[in-house]
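Colleague: Predicted structure and sequence below. I'll ask about it afterward.
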Amino acid sequence: MLKNNDVEFLKTKGISEEQLKSQIQNFKKGFPYSNINAAAIEGNGIIKFSDIEIKELVEYFNSESLGREIIKFVPASGAASRMFKHLFEFRAHPDPKQLNDPGFNSVGYFFKHLTEFAFHDDLSEIFESKGIKLSESIRNKDHEKIIDLLLNTEGLQYASLPKGLLKFHNYKDGARLAIEEHLVEGAVYCKNADNKVKIHFTVSPEHQEEFGIAIEKVKRKYEIAFNIHFEISFSIQKPSTDMIAVDLQNEPIRTGNGNLVFRPGGHGALIENLNDIDGDIIFIKNVDNIVPDRLRETTYIYKKVIAAHLIKLQAQTFEYLTKLKYEAIPDKLLSEIEAFAKNKLFIDLHDKPINKDRAEYLFNKMNRPIRVCGMVKNEGEPGGGPFWVLDQNGNQSLQIVESSQIDLKNQEQKKIVGNATHFNPVDLVCGVRDYQGNKFNLKNYVDPQTGFISIKSQNGKELKAQELPGLWNGAMADWITIFIECPIITFNPVKIINDLLREQHQ
């Protein structure tokens, strides 16, 4: 039962009582698994362009993009703390065996290659400020002190920073933060006709000021280097997207002073932030998926490829939508539009009417936001993948599906997963305007049945947490979706700190 102060508390967060009841009901009934019908593969849901087509698409993007408002959207609120899990565990329970482990992800490998990290010089300065030499601490195997000054507040406090504010790569003129690399990327493929480069970072409120300071320090350097002007903006996850936390009996949890406990709704909450962005073409890429300059050319090429394909599809889609809306369409043209919708937009038309409603049917099917997603060959990386998915009405569509959304105990579903050839590197370009230039309300294209429930721990007690449909999963479930194969070099995420020692990040 809600108390009087609960009602006021909900108002401050922008959450209605009906929304709260719906969240609690989701805990009780759970979320259904996705019903995958087939893996999206080359020739059946995934497009692979030839070298000639790639060259033509890059040239098309270079000529057509300048007339459009382009924005780079970077989810950058993710905490870096998970990157240091093995260091935390070693600090709590030092084990000499870990230091002798030659494995790439080991603590031993971290210390052996400490001087190769881009943050090494900063860490060395911290040591010197305390009258210690980092090189001596390495020789003396003072591993606990090194971990403390890297992660904790008396040092670089990397454990409490977001990934975007960590130094990722070394250059002759100094190391770059992860967010700096996104400035460089944006300068190449997000330049508008007036030489403006718009980049939007979603950040946590406690770090927004630090992000602003960090960018102000470096942005003029890149503006001069690329002859552009940055327009940097920030947003935070809206409190109205927070989700109630419940105990294992699905009863709301309260703090010691009696307030309801809410938790962030996951990256799916960012559909609200994306919905507020005013642009024609919006690139989406995770903050940790970047490479140094020497490896960036392929990324530039394929960013332009997927965006050019989107622009081409939009142009033809908008032309057809205008005809469908305002003209009497002969059967021959209707058949042409149907073929385009099916073969180019990958829209399932199995339920199309055979009478005069065909034009209205096609208009509704095609008048939706479009996303073109880069997909890379699966080389054993964890994460979501591209599948054909059946909804409750038997309609089939291309979707990015996480493994947690699939019932792997079902042998048929497991077999389909085994046939998958690609996975999702979070490399999207989005068209969020309709054929008349109006912004779509992206909240109208979310599948609320694709949320996720997990077990968490707080103050030693287990609780159930709920996440909204993921940004590129259920939050975009009713978008028109196109998958294009991209090279594996375009996917280089940093999930643990040792990933920065990989050849691609050196």
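Modeller: Okay, I see it. Numbering: from 1, shown residues only.
Colleague: residue ranges of the strands in the stretch 401-506 of the chain, please?
Modeller: For the stretch 401-506 of the chain, the strands identified by DSSP state E, counting those that start in this stretch occupy 422-423, 427-431, 452-458, 461-467, 480-485, in order along the chain.
Colleague: rank those strands by pLDDT, which is bottom?
Modeller: Of all the strands of the stretch 401-506 of the chain, strand 452-458 carries the lowest average pLDDT, namely a mean of 78.
Colleague: Straight-line length of stretch 219-233, end to end?
Modeller: Start to finish, the residues bounding stretch 219-233 are 13 Å apart (Cα to Cα, to the nearest Å).
Colleague: buried stuff in it?
Modeller: Going by neighbour count (16 or more other Cβ atoms under 10 Å), the buried part of stretch 219-233 is Lys219, Tyr222, Glu223, Phe226, Ile228, Phe230, Ile232. From N, CA and C alone the C-beta is placed, and that goes for glycine too.
Colleague: ok, so of those, who is nearest Glu210?
Modeller: Relative to Glu210, the closest of the buried residues of stretch 219-233 is Ile232; by Cβ to Cβ it sits at 13.5 Å.
Colleague: Please name every helix or strand in contact with the lowest-mean-pLDDT helix or strand in the chain.
Modeller: When the helices and strands of the chain are scored by mean pLDDT, DSSP states H and E, strand 452-458 comes last with a mean of 78. Helices and strands touching strand 452-458, by 3 or more Cβ pairs under 8 Å, 6 or more residues apart in numbering; DSSP states H and E, are strand 461-467.
Colleague: Next step: the buried residues of stretch 219-233 restricted to strands.
Modeller: Under the assignment DSSP state E, the buried residues of stretch 219-233 contribute Phe230, Ile232 to strands.
Colleague: Would you convert the buried residues of stretch 219-233 into TSV that also reports distance to Phe423 and pLDDT?
Modeller: TSV is the format used below for the buried residues of stretch 219-233 (distance: Cβ to Cβ, whole Å; pLDDT from 0 to 100):
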residue	distance to Phe423	pLDDT
Lys219	33	95
Tyr222	32	96
Glu223	36	97
Phe226	32	96
Ile228	33	96
Phe230	32	97
Ile232	31	97
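Colleague: Quickly check the buried residues of stretch 219-233 for the two that are furthest apart.
Modeller: By the measure Cβ to Cβ, Phe226 and Ile232 form the most distant pair in these, at 14.3 Å.
Colleague: Tell me which of the strands of the stretch 401-506 of the chain lies nearest to Pro353.
Modeller: With Cβ to Cβ as the yardstick, what comes closest out of the strands of the stretch 401-506 of the chain is strand 480-485 (19.9 Å).
Colleague: The closest one: partners in the sheet, and parallel or antiparallel?
Modeller: In the sheet, strand 480-485 lines up against strand 45-47 (parallel), strand 370-377 (parallel) (DSSP bridges).
Colleague: Please enumerate the helices of the stretch 1-150 of the chain.
Modeller: 4-13, 17-29, 51-64, 85-92, 96-99, 107-112, 120-129, 134-139, 143-151 (DSSP state H, counting those that start in this stretch).
Colleague: how about the ones you listed in TSV, adding mean neighbour count, distance to Thr202 and mean pLDDT?
Modeller: As requested, the helices of the stretch 1-150 of the chain are exported to TSV (neighbours: other Cβ atoms under 10 Å; distance: least, Cβ to Cβ, whole Å; pLDDT from 0 to 100):
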stretch	mean neighbour count	distance to Thr202	mean pLDDT
helix 4-13	13	18	81
helix 17-29	14	21	87
helix 51-64	14	25	96
helix 85-92	16	24	90
helix 96-99	14	35	84
helix 107-112	19	29	93
helix 120-129	16	26	94
helix 134-139	14	34	90
helix 143-151	19	24	93
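Colleague: closest to Val203 out of the ones you listed?
Modeller: For these, proximity to Val203 was assessed by Cβ to Cβ; helix 4-13 is nearest, at 19.0 Å.
Colleague: How about His422: what's its closest non-neighbour residue?
Modeller: Leaving aside its sequence neighbours, His422 sits nearest to Met375 (Cβ to Cβ, 6 or more residues apart in numbering; 4.2 Å).
Colleague: how many other residues sit next to that neighbour?
Modeller: For Met375, the neighbour count with other Cβ atoms under 10 Å is 27.
Colleague: Out of the strands of the stretch 401-506 of the chain, which one sits most buried?
Modeller: Comparing the strands of the stretch 401-506 of the chain by mean neighbour count (mean count of other Cβ atoms under 10 Å), strand 427-431 comes out on top with a mean of 26.
Colleague: So if we follow the domain assignment, how does this structure break up?
Modeller: 4-77+170-505, 85-161 (automatic domain parsing).
Colleague: For Leu149, list the residues it contacts.
Modeller: Contacts for Leu149 (Cβ atoms under 8 Å, 6 or more residues apart in numbering) come out as Leu123, Ile126, Phe127, Lys130, Gly155, Leu156.
Colleague: Which pair of these spans the longest distance?
Modeller: Using Cβ to Cβ, the pair of the contacts of Leu149 lying farthest apart is Lys130 and Leu156, separated by 12.4 Å.
Colleague: higher neighbour count, these two?
Modeller: Using other Cβ under 10 Å, the more surrounded residue of Lys130 and Leu156 is Leu156, with 19 against 10.
Colleague: which SS class is the more buried one?
Modeller: coil (DSSP: H, G, I helix; E, B strand; the rest coil).
Colleague: what's the answer for the one 3 residues further on, then?
Modeller: Per three-state DSSP, the local secondary structure of Ala159 is helix.
Colleague: Please name the nearest non-neighbouring residue to it.
Modeller: Excluding the flanking residues, the one nearest Ala159 by Cβ to Cβ, 6+ apart is Leu151, at 3.9 Å.
Colleague: So that neighbour sits against Tyr158, correct?
Modeller: Yes: look at Leu151 against Tyr158 with Cβ atoms under 8 Å: they come within range, at 5.4 Å.
Colleague: tell me, what's touching these two both at once?
Modeller: With Cβ under 8 Å, 6+ apart as the test, Leu151 and Tyr158 both reach Phe84.
Colleague: what sits against Gly451?
Modeller: Asn26, Phe31, Gly268, Gln466, Glu467, Leu468, Pro469, Gly474.
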